[in-house]
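Asks: pasting the sequence and the predicted coordinates here, then a few questions.
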Amino acid sequence: MTRRVVVLGGGFGGIEAIRVLERRLGRREDVELLLVSDQNYLLFTPLLPQIASSTVEPRHIIQPIRDIRAHRRFRFLRDRVLGLDLKGRQVHLAEGSVSYDFLVVALGGVTQTFGVPGVEEHAFFFKGLEDAVTLRDRVIDLAEHADHERDPTRRRELLTVCVVGGGYTGVQLIAELHDFFTRYVVPRYLGIQPGEPRLVLLEASEHILRGVDPILAKRARRKLARDGIEVRTGARVTRIEAGGVGINGEQIERAGIVVWVAGVRGHPVFEELGLPRDSAGRVLVNQFLEFPGFPEVFGVGDTVVIADRPEASVPIIPAAIAHGRLVAENILSRLEDRPLVPIEFSPRGMLVSLGMNDAVVDLMGLKFTGYPAWLFWNALHLYKLVGFRKQLQVALDWGLAMVFPRDSAIIRRPSRCPICAGPKLGRVGDRT
Ligand SMILES: Cc1cc2nc3c(=O)[nH]c(=O)nc-3n(C[C@H](O)[C@H](O)[C@H](O)COP(=O)(O)OP(=O)(O)OC[C@H]3O[C@@H](n4cnc5c(N)ncnc54)[C@H](O)[C@@H]3O)c2cc1C
């Protein structure tokens, strides 16, 4: 009898699970492998901030799933998961349903908005490739508008970018945007003066970069401040409106762009299932990563939290990969009637890029900063990219960014831009 293993999600956790299963199953024909994901590529998220700053080309940080299939043993289905019927062992997709004998749920998370009014309508999210490309285009679009704005107050407002969330994503993003404004926009846009672009990092707690060694986090904060980036801690965003952010229930900070990177919550597909979940909506799994009450279903990566060992389920890539590997082993154990293996993963540290030539590294007891840390950050991320072609393309992008100007062509018409959203023919303005 053929048994079917279905893996949902083509991110780090899902890809690792299917790759290990494929390798370990070899030519066994009694097990069928199916990967389902709504994107047909694996996205290398650590380089997303460099898409927003036009340092790296979007296509260079994604790897098509069809190219990752080294042994061509698993099938891939590009479809969207709409719901799960765990009792009936069915996955409901946009274009039909599939049944399974074993299921790996690796759907990642979604942006956590904490119910703050206006976030969905007015803030930019920064989770996928499309978000990064949209943000990049919007930043350039605002620079184009500001270049011809005669009122200095309005110009400064247009050139204010607020990033909400002082975790590693927020810090890396704001550092990249700072580089883009200082190295590219200010020298080329004659109507924009040095010091006019304003970058503001808003963090609700008292510290940025939680989880990083406090000394390194302070060093990172000093570096951002030295660059002129305003880092405001204890700044809880309570509302977002068109062109502004409400902080701590009162003050309104005017801004051309607000980016929301304040957290991740569990995937909405679990909302109706009645499974035990944590306050962030992630499914509570046991140390073997099994879903409660459904031993044939395993959860991986940002989707789950391990009840007894939350530190083993922090939402980072190494955790997702470790989970993916473990569930593959545990499914093989089930197929071969062996005992399951518990999770052993512990995070080894963190690397945070602070823009061109600076970073902080806190990894396996090694702590260092500055240029050597930046070189290490680059080398490690290049090594971690899947596929030699992508490694070469990103390395070339980095090299070219040091010699040539970045590319500021707007590829997608930003929907919030009055020029693009407005009527096709209109009065010629007198701004220039
Ligand atoms: C901007 C950014 C920067 C980051 N930087 C770092 C970093 O430097 N270091 C680090 O360790 N971590 C970083 N992370 C976190 C890291 O990306 C995640 O922890 C990791 O990707 C989680 O892996 P996953 O497999 O659980 O989920 P994901 O990688 O998110 O994969 C989920 C997959 O499921 C698919 N999917 C989702 N919903 C559906 C659906 N309904 N139907 C079908 N398919 C679906 C998605 O398309 C995706 O392919 C970053 C994240 C972001 C957003």
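Replies: Happy to help now that I have it.

Asks: how does the chain divide into domains?
Replies: 3-38+79-111+264-335, 119-262+349-403 (automatic domain parsing).

Asks: any idea which of the ones you listed gets closest to the ligand?
Replies: Counting by CB to the nearest ligand atom, the ligand lies closest to domain 3-38+79-111+264-335 out of the domains of the chain; the figure is 1.8 Å. Heads up, the C-betas are built off the backbone N, CA and C, glycines and all.

Asks: among the domains of the chain, which is nearest residue 72?
Replies: domain 3-38+79-111+264-335 (8.8 Å; CB to CB).

Asks: phi, psi of the nearest residue to residue 198 once chain neighbours are set aside?
Replies: Setting aside the residues directly before and after it, residue 198 is nearest to residue 160 in space (CB to CB, 6 or more residues apart in numbering), at 4.3 Å. Backbone geometry at residue 160, expressed as degrees, to the nearest 10, gives phi -100, psi 130.

Asks: same question for the one 3 residues further on.
Replies: Summarising the backbone geometry of residue 163 under the convention degrees, to the nearest 10, its torsions are phi -110, psi 120.

Asks: burial count for it?
Replies: Residue 163 has 29 neighbours, counted by other CB atoms under 10 Å.

Asks: also the one 4 residues further on?
Replies: Other residues within reach of residue 167 by the criterion other CB under 10 Å amount to 21.

Asks: now do the contacts for the closest residue to residue 208 other than its chain neighbours.
Replies: Distances taken as CB to CB, 6+ apart place residue 166 nearest to residue 208, at 3.4 Å, with adjacent residues excluded. Residues counted as contacts of residue 166 (CB atoms under 8 Å, 6 or more residues apart in numbering) are 201, 202, 203, 205, 207, 208, 209, 231, 233.

Asks: buried subset of those?
Replies: Using 16 or more other CB atoms under 10 Å as the burial test, those include 201, 202, 203, 208, 209, 231 as buried.

Asks: which members of these are the farthest-apart pair?
Replies: Longest distance between any two of the buried ones among the contacts of residue 166 is 14.1 Å, between 202 and 209; criterion CB to CB.

Asks: which element follows the helix or strand where residue 221 lies toward the C-terminus?
Replies: According to DSSP states H and E, residue 221 maps onto helix 214-226. Moving toward the C-terminus from helix 214-226, the next helix or strand (DSSP H and E) is strand 230-233.

Asks: the next helix or strand after that following strand: which residues count as buried?
Replies: Counting by DSSP H and E, the next helix or strand C-terminal to strand 230-233 is strand 237-241. Residues 237, 238, 240 are the ones in strand 237-241 that count as buried (16+ other CB under 10 Å).

Asks: quick check: the first one touching residue 247?
Replies: This means residue 237. Yes - shown here, residue 237 and residue 247 form a contact pair, counting by CB atoms under 8 Å, at 6.0 Å.

Asks: which residues are in contact with each of the two?
Replies: Each of residue 202 lies in contact with both residue 237 and residue 247 under the rule CB under 8 Å, 6+ apart.

Asks: what ranges do the strands span in the stretch 151-300 of the chain?
Replies: According to DSSP state E, counting those that start in this stretch, the stretch 151-300 of the chain carries its strands in the segments 160-164, 198-203, 230-233, 237-241, 244-247, 251-254, 257-260, 264-265, 283-285, 290-291, 294-299.

Asks: which of those has the lowest average pLDDT?
Replies: The weakest mean pLDDT among the strands of the stretch 151-300 of the chain belongs to strand 251-254, with a mean of 85.

Asks: what does the stretch 201-350 of the chain put close to the ligand?
Replies: Residues of the stretch 201-350 of the chain found near the ligand (CB under 6 Å from any ligand atom) are 300, 301, 302, 303, 315, 316, 317, 318, 320.

Asks: likewise for the stretch 51-200 of the chain?
Replies: Contact residues, the stretch 51-200 of the chain versus the ligand (CB under 6 Å from any ligand atom): 80, 81, 106, 107, 108, 126, 127, 169.

Asks: if you rank the residues you listed by neighbours, which is first?
Replies: The residue in these with the most neighbours, by other CB under 10 Å, is residue 106 (30 neighbours).

Asks: I'd say that residue and residue 324 touch.
Replies: Yes - between residue 106 and residue 324 there is a contact under CB under 8 Å: 6.6 Å.

Asks: intersection of neighbour lists for those two?
Replies: With contacts taken as CB under 8 Å, 6+ apart, residue 106 and residue 324 have 13, 14, 17, 300, 301 as neighbours in common.

Asks: among those, which two are most distant?
Replies: Farthest apart among these by CB to CB are 17 and 301. That separation is 9.5 Å.

Asks: any common contacting residues for those two?
Replies: Counting by CB under 8 Å, 6+ apart, the residues touching both residue 17 and residue 301 are 106, 323, 324.

Asks: what is the neighbour count of the residue nearest to the second one when sequence neighbours are not counted?
Replies: This means residue 323. Of all residues not flanking residue 323 in the chain, residue 300 sits nearest, at 4.1 Å (CB to CB, 6+ apart). Residue 300 has 33 neighbours, counted by other CB under 10 Å.

Asks: please apply the same query to residue 72.
Replies: By other CB under 10 Å, 8 other residues sit near residue 72.

Asks: that's a strand at it, yeah?
Replies: No - looking at residue 72 with DSSP: H, G, I helix; E, B strand; the rest coil, it is coil, so not inside a strand.
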